[in-house]
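> Here's my sequence, what's the structure:
(2 chains)
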There are 2 protein chains.
Amino acid sequence: MAGLLRHLLQNIRLVSSFGKSHTKGAYSQKRHLASTTTTLYDWRAADEYVEISHGDAVMQFDYVWLRDTCRSAASYNPKTSQRILDTASIDLNIRPAQTKVTDGHLSLTWPDGHVTSYSLSWLAEHSYQVKTRTVLQNRVLWNRDTYDAAQVPSARWEEFMSSEAELRSFVQNFLLYGIAFVDGVPASVEATEAVSERVSIIRETLYGRMWSFTSDLSRGDTAYTTQALDRHTDTTYLHEPCGVQVFHCLQHDGTGGRTLLVDGFHAAHKVLEESPESFQVLCRVPIRHENIEAEGGHRNHLVGTGPVLSAHPWNRELYMIRYNNYDRAPIDTAPPEEVRRWYAAHRLLTARLRDPGNELWVKLTPGRVVFIDNWRVLHGRDSFTGLRRVCGCYLPRDDLLSTARALGLLA
Amino acid sequence: MAGLLRHLLQNIRLVSSFGKSHTKGAYSQKRHLASTTTTLYDWRAADEYVEISHGDAVMQFDYVWLRDTCRSAASYNPKTSQRILDTASIDLNIRPAQTKVTDGHLSLTWPDGHVTSYSLSWLAEHSYQVKTRTVLQNRVLWNRDTYDAAQVPSARWEEFMSSEAELRSFVQNFLLYGIAFVDGVPASVEATEAVSERVSIIRETLYGRMWSFTSDLSRGDTAYTTQALDRHTDTTYLHEPCGVQVFHCLQHDGTGGRTLLVDGFHAAHKVLEESPESFQVLCRVPIRHENIEAEGGHRNHLVGTGPVLSAHPWNRELYMIRYNNYDRAPIDTAPPEEVRRWYAAHRLLTARLRDPGNELWVKLTPGRVVFIDNWRVLHGRDSFTGLRRVCGCYLPRDDLLSTARALGLLA
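Residues are numbered from 1 along each chain as shown, chains lettered A, B, ... in the order given. Presented below is the predicted three-dimensional model:
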């Protein structure tokens, strides 16, 4: 039990990053030493692969992989970043006629004379052994106190729309906390659209591209009422829930209607600490969510299926929480014995999500736009009185991450 | 081996549908008989669940599930199709004070007096035991000969835009074959947009909402050349590849440029028959795909990760193939021993995808719009000469399926 917990904790790294170690391991006599400008590598050619050791990482590269991944001009087009080589043309038993390392580069001469060359550092970056220990996205898990203490600055509209540095700082905060704010935005749908498009393309859904709603129940969804909404993530009824949600409260003449934000990964991490089995059940059991609308001229029936928690299989890094008790369909995709475990696990996660210390309450006001990572941060709201008009849109997470990569914030 | 193959074949049903059997099983003395208008059910109340038998299906429903899934007005809003009940408020050890079946309905009286009632047929529809044997989407796997022999009709533009029956027939063909055509469409981007929006909303990507391209290499992608393109699925570099692709060749003054279509599920099914292990490797190993563009004013770096084949975990039904040798990134998310297996499995799948008998070649001409299920059917093209202008867009698969449900074509 303790061993499993330790193993899981080691394998779920949400805030740490992989520090490259330069400790040298022990190698067999057949191994060779090589060095790049700063670091030491050992290597040896085996029957089916080349093995490279670097620090405490021992990395194997199969010959088919080495041929397939070749970055020579005949194999890979750097202009389109696309493979030219027909992978199916490679002999699955291919062996190089010659293998050598010089100047920190592995060079393989294939039977047909083609030469493939890799820098050892590039290989190390692209090895499974390194990727299993690499966090894709560093995050700061937060509750109300730690978020408040961090005093994360909001972006300013004018700078945000013109300065790459301001955009970069905003995206960095979004990546770290799963929420980020822009202040001073004109209180219009058009300005909200512009601020959204500064970050990413917009994802159209059944609610349109840009949407604007009030409590008129114009759509068959509780969001279109004055009722309180418990914490949830949106569009869980899609195969891929929308990655990012943008909200801008354009007007509110009345009381209540505060927005609740909860870091779902912080709660999931608590579950992992308290009950690794529950965490695993939430990762394992596929849950259906549904959106059914057959009134007011709308005919929609959307079905999304996925676990409550999704983690990358190779490094166990959490990347998505899918949590919406309103839209969750009858569970019919898990065997009965799993259903019992799932309800207990869901109960534990819900308790952590409802811990008052984890609740961040903010009153959205005209001019203040919030971006929410809908794969991580749950949102909800107070009930309210009066006229409250909110606009916003969804963004695809892929495209926001593309922006982050263009800004040098992600690998 | 033969047992595993049989098991897998039984569990991957691509063309069959679940036929409800009315054979009565043997039951213990504690069981009770009930009947709806046409069929017989047995049932018994156990400590933790109610067990219902119907034909050869033995279905268990946990009490927490039964309370949580309650469709009473206090628990579920039929207007919004959303759960009202706070699942976390249910005692995990809840037991009904009274359980009975009358008139084909299971009725449970809970300790607080609340009564939950289900029809037995509704319960049977929502049981795991039934879902594991139910195909979500019936499909006709095809090669060139069987597709040609089926003589699938194209929709006609005028009828398609106005008649629900014509739209329904088109969507039915799309669901069954993964491709469907509309003829007589005006050769414009606007008409292509209209024909697309008749089916679904449009999914904007880095290439825009509606796109129109020719061989000007205006984007860093081989699609923007005159070169032949081997069979592939699109946007494998997104977490969720686009569900549907729409193509309309608006103009071609030259030779070549035929479009190739291949049923990926037919090829995958061949792999399953020949090598269940290879099929499993392709389902299991996460593969990264990348789109990197840093020229011509475009800055994109998109990364999508998923297996080549995706199957629903509960019924093993295949729902997605992700195959693009151009955009496949260096494999660094699977251990070395898996990498070797994966290359062999990929080779086998590629051979089946390249079987000339599986190739459907069509010359797209102005007026003819093709919809391609990008989660199932691979496309490619001949090299060509002259000016060739193609427009189109992507559609989210979820929304096309929603249309299919609205038309009564899917559960």
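
> Measure how far the helix or strand containing A:R231 is from the centre of its chain, please.
A:R231 belongs to strand A:229-232 when assigned by DSSP states H and E. Distance of strand A:229-232 from the chain centroid (C-alpha atoms, centre = their mean, to the nearest Å) equals 21 Å.

> buried residues in the very next helix or strand once past it?
Downstream of strand A:229-232, the next assigned helix or strand under DSSP H and E is strand A:244-253. Residues of strand A:244-253 classed as buried: A:244-250, A:252 (neighbour count, 16 or more other C-beta atoms under 10 Å in any protein chain shown). Every C-beta, even on glycine, is put in place using the N, C-alpha and C of the backbone.

> Including pLDDT, could those go into a markdown table?
Conversion of the buried residues of strand A:244-253 to a markdown table gives the following (pLDDT from 0 to 100):
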| residue | pLDDT |
| --- | --- |
| A:V244 | 98 |
| A:Q245 | 98 |
| A:V246 | 98 |
| A:F247 | 97 |
| A:H248 | 98 |
| A:C249 | 97 |
| A:L250 | 97 |
| A:H252 | 94 |
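
> Return the member of these nearest to chain B.
A:V244 (12.7 Å; C-beta to the nearest C-beta).

> surely that closest one meets A:V377?
No: at 10.0 Å, A:V244 and A:V377 do not qualify as touching, with contact defined as C-beta atoms under 8 Å.

> who touches A:P366 in this structure?
A:187, A:248-251 (C-beta atoms under 8 Å, 6 or more residues apart in numbering or on different chains).

> where's it relative to B:H114, distance?
43 Å (C-beta to C-beta, to the nearest Å).

> pLDDT weak spots in the stretch 101-250 of chain A?
Residue ranges of the stretch 101-250 of chain A with pLDDT under 70: none are present.

> Return the nearest residue of it with respect to chain B.
For the stretch 101-250 of chain A, C-beta to the nearest C-beta, closest residue to chain B: A:E240, 3.8 Å.

> Could you check how far that residue is from A:L395?
Following C-beta to C-beta, the distance that separates A:E240 from A:L395 is 12 Å.

> And the residue nearest to the spatial centre of chain A, which helix or strand is it part of?
By C-alpha atoms, centre = their mean, the mean C-alpha position of chain A lies nearest to A:Y319, the distance being 4.1 Å. Element membership of A:Y319 [criterion: DSSP H and E] is strand A:318-321.

> Just list what that strand packs against, helices and strands only.
helix A:264-274, strand A:309-311 (3 or more C-beta pairs under 8 Å, 6 or more residues apart in numbering or on different chains; DSSP states H and E).

> helices and strands around the first one, which ones?
Right, the one you point to is helix A:264-274. Right, helix A:264-274 is packed against helix A:2-11, helix A:276-284, strand A:318-321, helix A:336-353 by 3+ C-beta pairs under 8 Å, 6+ apart.

> want to throw the ones you listed into a markdown table with mean pLDDT?
Putting the helices and strands packed on helix A:264-274 into a markdown table (pLDDT from 0 to 100) gives the following:
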| stretch | mean pLDDT |
| --- | --- |
| helix A:2-11 | 40 |
| helix A:276-284 | 98 |
| strand A:318-321 | 98 |
| helix A:336-353 | 97 |
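
> Out of the ones you listed, flag the one nearest B:D382.
strand A:318-321 (39.5 Å; C-beta to C-beta).

> what's across from the residue nearest to the residue nearest to the centre of chain A when sequence neighbours are not counted in the sheet?
Distances taken as C-beta to C-beta, 6 or more residues apart in numbering or on different chains place A:S310 nearest to A:Y319, at 5.7 Å, with adjacent residues excluded. For A:S310, the beta-bridge assignment (DSSP bridges) gives partners A:M320.

> Give me the local confidence score for A:S310.
Here, the pLDDT recorded for A:S310 equals 98.

> if I read this right, it contacts A:E317, doesn't it?
No: between A:S310 and A:E317 no contact is recorded; they are 9.9 Å apart, counting by C-beta under 8 Å.

> So which residues on the stretch 1-150 of chain A come close to chain B?
Within the stretch 1-150 of chain A, the positions near chain B by C-beta under 8 Å from any C-beta of the partner chain are A:48-49, A:60-62, A:64-65, A:68-69, A:77, A:79-83, A:86-88, A:90, A:92, A:126-128, A:130-131.
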